[in-house]
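In: the sequence and its predicted three-dimensional model are supplied below.
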Amino acid sequence: MRTDLVAALDIGGTKIAGGLVDGRGVILERAQRATPARQDGETVMRAVEEVLGELAASSRWEHVRSVGIGSAGPVDASAGTVSPVNVPGWRDFPLVERVRATTGGLPVELIGDGVAITAAEHWQGAARGHDDALCMVVSTGVGGGLVLDGRLHPGPTGNAGHIGHISVDLDGDPCPCGSRGCVERIASGPNIARRALEQGWRPGPDGDASAAAVAAAARAGDPVATASFRRAARALAAGIAATATLVEIDIAVVGGGVGNAGDILFTPLRESLAEYATLSFVRRLTVVPAQTGTDAGLVGAAAAALLRGPGLVRL
Ligand SMILES: [Zn+2]
């Protein structure tokens, strides 16, 4: 029986999760630290080393053959560096080299977190069995990744499929990325909430002004909250339709906190897709919620390492 394992890391602005993952995607051991995101780069790296150290203390560590890392972006897989927007202490930080040194020279595979979630959804989730898929995370930001011709397509630097920064509004609001009218600038959780507040929506007595609170108000029939989700849905639909037209995906999978809003998002999203995805070869495009949940980053990072390993699985 095959016992080779991957040490997987899921590095975000809030937490650094680690796991020992087997060839079927089962997480056998776990370790986690809060990300000291406002500290200097070495302090953040120490948290990564603590996670790896805890995993290495397991008797299963001897079966680990490679390390897979899914990190908040941007990443540069070709250089082995990361510069997560929400971790200012890491700019062109040589994460691959540092993790390789920590793990005694194991091969290390680095991908962006959007690509990691795509790998997980293709392996075990809603994109399973689809050779051409776009998977997205819609939460604080909007990320994504592509499966093309049955294979994960991270691109040269590990960022391909970053749909959050496709412009869908030529004269739209400036985006922190430097462009304007990006999908993320309209459809991310904070931007859904911002739009609702600008248009006159007010939070309830608990003062919760998050996108989840806007979703709850929309579910209760609030027209301004509903309109903010509809606008986000249109931005997502335009980005998905553009992607489908370019590379002929037949499914788009949407996860993340906003993706969990259910019909408040998916009903207008499907209506808007019919409006934007009009050519014959994209009309059969479906859009569905993600299935892999909070472990998607870890499972996807493991998948990326397995895909690159010698003679290993085709997911
Ligand atoms: Zn942008």
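Out: Thanks, I have it. Everything quoted here is computed from the prediction, not taken from an experiment.

In: what lines up beside the helix or strand hosting Ala8 in the sheet?
Out: Ala8 is part of strand 5-11, with elements assigned from DSSP states H and E. The strands that strand 5-11 pairs with in its sheet are strand 15-22 (antiparallel), strand 64-71 (parallel) (by DSSP bridges).

In: quick one: mean pLDDT for that strand?
Out: When pLDDT is averaged over strand 5-11, the result is 97.

In: same check, this time on stretch 122-137
Out: Per-region confidence: stretch 122-137 scores 96 on mean pLDDT.

In: end-to-end on it?
Out: 14 Å (Cα to Cα, to the nearest Å).

In: in it, what counts as buried?
Out: Of the residues in stretch 122-137, 122-127, 130, 132-137 count as buried by neighbour count, 16 or more other Cβ atoms under 10 Å. The way it works is simple: take the backbone N, C-alpha and C, and place the C-beta from them, glycine included.

In: redo those residues as a markdown table? Include distance to Ala193 and secondary structure.
Out: Conversion of the buried residues of stretch 122-137 to a markdown table gives the following (distance: Cβ to Cβ, whole Å; DSSP: H, G, I helix; E, B strand; the rest coil):
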| residue | distance to Ala193 | secondary structure |
| --- | --- | --- |
| His122 | 31 | helix |
| Trp123 | 33 | helix |
| Gln124 | 31 | helix |
| Gly125 | 27 | coil |
| Ala126 | 26 | coil |
| Ala127 | 28 | coil |
| His130 | 32 | coil |
| Asp132 | 33 | coil |
| Ala133 | 29 | strand |
| Leu134 | 25 | strand |
| Cys135 | 24 | strand |
| Met136 | 19 | strand |
| Val137 | 17 | strand |
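
In: which of those sit farthest apart?
Out: Maximum pairwise distance in those, criterion Cβ to Cβ, is 18.8 Å, between Asp132 and Val137.

In: so Leu285 versus Ile249, what's the distance?
Out: Leu285 sits 7 Å away from Ile249, taking Cβ to Cβ, to the nearest Å as the criterion.

In: list the contacts for Gly155?
Out: With contacts taken as Cβ atoms under 8 Å, 6 or more residues apart in numbering, Gly155 has the following neighbours: Gly161.

In: then Ala17?
Out: Leu9, Asp10, Arg30, Ala31, Gln32, Val51, Gly297, Leu298.

In: buried subset of those residues?
Out: Leu9, Asp10, Arg30, Ala31, Val51, Gly297, Leu298.

In: and the pLDDT for the spatially most central residue of the chain?
Out: The C-alpha lying nearest the average C-alpha coordinate of the chain belongs to Gly114 (Cα atoms, centre = their mean; 3.0 Å). Reported pLDDT at Gly114 in the predicted model: 92.

In: so it, which of the three states?
Out: With DSSP: H, G, I helix; E, B strand; the rest coil as the basis, the three-state label of Gly114 is helix.

In: I'd say it and Gly143 touch.
Out: Yes: using Cβ atoms under 8 Å, Gly114 and Gly143 qualify as a contacting pair, with a distance of 3.1 Å.

In: identify the contacts common to the two.
Out: Applying Cβ under 8 Å, 6+ apart, one finds that Gly114 and Gly143 are jointly contacted by Gly73, Met136, Val137, His162, Gly164.

In: give the contact list for the third one.
Out: Just to be clear, that refers to Val137. For Val137, the set of contacting residues under the criterion of Cβ under 8 Å, 6+ apart consists of Asp113, Gly114, Ile117, Gly143, Gly144, Gly255, Gly256, Gly259, Ala290.

In: if we use 10 Å, what do you get?
Out: The neighbourhood of Val137, defined by Cβ atoms under 10 Å, 6 or more residues apart in numbering, consists of 113-114, 116-118, 121, 143-145, 163-164, 188, 253-259, 290, 296-297.

In: count the residues that sit near the residue lying closest to it once chain neighbours are set aside.
Out: What sits nearest to Val137 in space, not counting adjacent residues and going by Cβ to Cβ, 6 or more residues apart in numbering, is Gly256, at 4.0 Å. Other residues within reach of Gly256 by the criterion other Cβ atoms under 10 Å amount to 23.
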